[in-house]
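Visitor: the amino acid sequence is not available; the structure is as follows:
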């Protein structure tokens, strides 16, 4: 699209996109495999992206390699949907909708989910909920099941 302004803006935008996508590609991998500080994490990801961009700008083989990978954007979802066990779930043709049974019990049921909430922060040295710091959690845990 930037080709209407000439070859230089088009080449620069393509190179910036390669740097950005390479950085975004490596960040989840770094997040799972290392325990870097946020500054070092972003610096390492950006450095990887810049090296990938420099390699893209200088190496014809690397550009060809990325060009050959580009059909994967379309092929991977198709293979995933049509040639994996997921296809049985999506295209099973089973239109029967399961029905839920009505519960006969009058006991109240509460489900509370604290996503990304560390249980360890509630516990004392005896691995019980700390009644001094969290009295409401301790009172609730005394007459319920929690995990």
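Guide: Received the coordinates, thanks. Keep in mind that this is a model prediction, so the values were computed, not measured.
Visitor: ok, residue 110 to residue 131 distance?
Guide: The gap separating residue 110 from residue 131 is 20 Å, by Cβ to Cβ, to the nearest Å. C-beta here means a position set from N, CA and C on the backbone, and glycine is covered the same way.
Visitor: with residue 39 instead?
Guide: According to Cβ to Cβ, residue 39 and residue 131 sit 39 Å apart.
Visitor: who has more neighbours, the two?
Guide: More neighbours surround residue 131 than the other of residue 39 and residue 131, with 14 against 8 (other Cβ atoms under 10 Å).
Visitor: what's the neighbour count on the nearest residue to the more buried one once chain neighbours are set aside?
Guide: Counting by Cβ to Cβ, 6 or more residues apart in numbering, residue 131 lies nearest to residue 138, which is 4.2 Å off, once chain neighbours are set aside. Using other Cβ under 10 Å, residue 138 has 16 other residues around it.
Visitor: what does residue 87 give?
Guide: Going by other Cβ under 10 Å, the residues that sit close to residue 87 add up to 13.
Visitor: pretty sure it contacts residue 79?
Guide: No. With contact taken as Cβ atoms under 8 Å, residue 87 and residue 79 are classed as non-touching, separated by 9.8 Å.
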